[in-house]
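In: Show me how the following folds:
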Amino acid sequence: LEPVKKALANLRDNSEFQHLTNSALARSIGDQAFGYNLTQVYSMTARKQGFIGKLNIGRVSSAILGLVNTRTLENQNHTKSYYYDLSADCSFENTVFSGKFNPNQDTDDVNEKGNLICEKTAEEIKKMIGQPFVVDSVNNKKEKKTAISPYNLSSLQVVCARKWGYKSKQTLDIAQKLYETHKVLTYPRSDCRFLPDSIYADAELILNNIKESYKEIDEYCENADIGIKHKSFNTEKITAHHAICPTLKQIDFNTLDEEELNVYKLVLANFVALFHHDSVRDKSKVSLKNDGREFIATQTILSFAGWESLTKKTESTGSIESFDLSSLKKGDKIEINNIEINKKETTPQKYFVESTLLAAMTKAAKFIEDPELRKILEAKDVDNKSECGSIGTEATRAELLQKAMDNPDLFVIEKEAGYKELAWKTTKQGQELASLLPQEIIN
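Out: Numbers count the residues shown, from 1 in each chain. Just a heads-up that it's a prediction; the model follows:
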């Protein structure tokens, strides 16, 4: 209520917002002129070829078709090839760690991803077993990660799709019910990931409510540091609506169904994390060289979990079990005891699933090949770091994807081996339509 009271106490003349009205009107007129005319033209042309039905052409829906179709063709037309990964067992003062061969991008035969593709070279390098390598450089650094910003609708939909397989509209409906019926979440149809200072002022009350309701994280609420003001608390950067967060209302979890509870807990944990310190990782990268050949050893040690202990599984990773790479010094001599060659097959581009397709819609500019057009599209979201040349809006993306799901003539959405979510593919008819449409429409 506080933001509403503040807005009512500081009324502004509507003329300041006339540009938003004009922008919405322009989009509406453009969508009609674009969609109505092209849908009719393509549908009537297809009917002459015996097609019975309607070919919907739309400013955003056709761009979705283009995204899915490009990825479908990339996957299905993938040509199998091989590359070689070389890993070495390295020893130093009776300790062992592993290193990975780093191909020379100028002299070795590599693919577009920089992987070694020459088996002869791989065999030559294997003959270097027993030869002394020398530590050429040791790069030690601390990597700090701040708690992720509060969710907007798209980011919430992406996480829910990955964690539980919820469809975009399903997540929207759940969040809407938590907002309208239960009144425990703020307005969900937001594209913003910032919160107002008024929410920060109420943080202690909100945290106390979470502590009483969500017993699994009560210790994190107890240990929350209100003195930490996360970068997401910035009233100046709020657009039409602020990010999704808990309200001051407390609720009995037993009154929520499983899906509502999943989404609500996700937002609660996200909010609590804002008041915990950065996580810290100690990262080491060591370069081992001999006669122009290089192996790289890496190590990541989680030295302080911070907010991550609340919201995600935390692990240390690296190439070793007991040896600390950061203790190595330039000039140290390393013995290579064994080199293993792993022949690997290149993998095709993965089909889109709902979570990745949603993410692609928020960052659509990166799929544009024309640099000038990409620049124009990026400029649209210059003040919104969570999006980059986006298509659709928070309020329309779920509906657009649902319409695509309901169009079996153009899309097939099915289980695919190795995928947690359903894979999106274009049908033969969808591929034919995409091939007929100008690139300006589908790209």
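In: OK, contacts around Pro188?
Out: Leu153, Leu156, Leu172, Ala175, Gln176, Leu178, Tyr179, Ile244 (CB atoms under 8 Å, 6 or more residues apart in numbering). Where you see a C-beta, it was placed from the backbone N, CA and C, and this is true even at glycine.
In: Closest one of those to Thr298?
Out: Nearest to Thr298 among these: Leu156, at 33.0 Å, using CB to CB.
In: Can you add distance to Asp409 and give the contacts of Pro188 back as a markdown table?
Out: Shown next, in a markdown table, are the contacts of Pro188 (distance: CB to CB, whole Å):
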| residue | distance to Asp409 |
| --- | --- |
| Leu153 | 28 |
| Leu156 | 31 |
| Leu172 | 25 |
| Ala175 | 31 |
| Gln176 | 30 |
| Leu178 | 35 |
| Tyr179 | 35 |
| Ile244 | 35 |
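In: Tell me how many other residues crowd the closest residue to Thr396 other than its chain neighbours.
Out: Nearest residue to Thr396, sequence neighbours excluded (CB to CB, 6 or more residues apart in numbering): Val60, at 7.4 Å. Neighbours of Val60 under the rule other CB atoms under 10 Å: 18.
In: Same check on Thr95?
Out: Thr95, neighbours per other CB under 10 Å, totals 13.
In: hmm, back to that, would you convert the contacts of Pro188 into a markdown table that also reports neighbour count, distance to Gly50 and pLDDT?
Out: Converted to a markdown table, those look like this (neighbours: other CB atoms under 10 Å; distance: CB to CB, whole Å; pLDDT from 0 to 100):
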| residue | neighbour count | distance to Gly50 | pLDDT |
| --- | --- | --- | --- |
| Leu153 | 27 | 41 | 95 |
| Leu156 | 27 | 44 | 96 |
| Leu172 | 23 | 38 | 96 |
| Ala175 | 26 | 44 | 97 |
| Gln176 | 16 | 43 | 96 |
| Leu178 | 25 | 49 | 97 |
| Tyr179 | 17 | 48 | 96 |
| Ile244 | 28 | 48 | 97 |
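In: Please flag which of these sit within helices.
Out: Leu153, Leu156, Leu172, Ala175, Gln176, Leu178, Tyr179 (DSSP state H).
In: got a list of what the second one touches?
Out: Under the criterion of CB under 8 Å, 6+ apart, the neighbours of Leu156 are Thr171, Ala175, Pro188, Ile244, Val263, Leu266, Val267.
In: again, only using 7 Å
Out: Thr171, Ala175, Ile244 (CB atoms under 7 Å, 6 or more residues apart in numbering).
In: Distance-wise, check it relative to Gln250.
Out: Distance, Leu156 to Gln250, using CB to CB, to the nearest Å: 21 Å.
In: still on that earlier bit, now the contacts of Leu156 in TSV, with distance to Glu440?
Out: Formatted as TSV, those follow (distance: CB to CB, whole Å):
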residue	distance to Glu440
Thr171	32
Ala175	35
Ile244	35
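In: tell me the strands in the stretch 301-443 of the chain, going along the chain?
Out: 317-318, 333-345, 352-353, 411-414, 423-426 (DSSP state E, counting those that start in this stretch).
In: So which of those is nearest Asn139?
Out: Nearest to Asn139, of the strands of the stretch 301-443 of the chain and by CB to CB, is strand 317-318 at 13.9 Å.
In: For the closest one, the averaged confidence score.
Out: Regarding strand 317-318, the rounded mean pLDDT is 53.
In: returning to that earlier point: nearest to Thr95 among the ones in helices among the contacts of Pro188?
Out: So of the ones in helices among the contacts of Pro188, ranked by how close each gets to Thr95 (CB to CB), first place is Leu156, at 45.6 Å.
In: who's in contact with Trp307?
Out: Ala147, Ala273, His276, His277, Ser279.
In: Can you lay out those residues as CSV showing secondary structure?
Out: Shown next, in CSV, are the contacts of Trp307 (DSSP: H, G, I helix; E, B strand; the rest coil):
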residue, secondary structure
Ala147, coil
Ala273, helix
His276, coil
His277, coil
Ser279, strand
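In: Go ahead and build a ChimeraX selection from the buried members of those residues.
Out: Only the buried entries of those go into this ChimeraX selection, using 16 or more other CB atoms under 10 Å:
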select :147,273,276,279
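In: I figured Met128 hits Glu335, correct?
Out: No. Taking contacts as CB atoms under 7 Å, Met128 lies outside contact range of Glu335: 11.1 Å.
In: out of the ones in helices among the contacts of Pro188, who's nearest Leu55?
Out: Nearest member of the ones in helices among the contacts of Pro188 to Leu55, counting by CB to CB, is Leu172, at 27.2 Å.
In: wait, that closest one sits on Ala398?
Out: Yes. Using CB under 7 Å, Leu172 makes contact with Ala398 at a distance of 4.6 Å.
In: before we move on, back to that, need the strands of the stretch 301-443 of the chain in TSV with distance to Gly227, can you?
Out: Shown next, in TSV, are those (distance: least, CB to CB, whole Å):
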stretch	distance to Gly227
strand 317-318	32
strand 333-345	46
strand 352-353	40
strand 411-414	47
strand 423-426	45
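In: Grab the nearest non-local neighbour of the spatially most central residue of the chain.
Out: Nearest to the mean C-alpha position of the chain, by CA atoms, centre = their mean, lies Ala359 at 5.9 Å. Closest residue in space to Ala359, ignoring its immediate chain neighbours: Val158 at 5.5 Å, by CB to CB, 6+ apart.
In: so who does that neighbour touch?
Out: Ser355, Leu358, Ala359.
In: circling back to that earlier point, out of Met128 and Glu335, which sits in the more crowded spot?
Out: More crowded of Met128 and Glu335, by other CB under 10 Å: Met128, with 18 against 15.
In: sec struct for that one, please.
Out: Relying on three-state DSSP, one would call Met128 coil.
In: what touches both of Leu172 and Ala398?
Out: What both Leu172 and Ala398 touch, as defined by CB under 7 Å, 6+ apart, is the set Gln157.
In: Do a quick rundown of the strands in the stretch 151-300 of the chain.
Out: Counting by DSSP E, counting those that start in this stretch, residue ranges of the strands within the stretch 151-300 of the chain are 279-290, 293-304.
In: quick one: buried residues of the first one?
Out: Taking 16+ other CB under 10 Å as the basis for neighbour counts, the residues of strand 279-290 that come out buried are Ser279, Val280, Arg281, Asp282, Lys283, Ser284, Lys285, Val286, Ser287, Leu288, Asn290.
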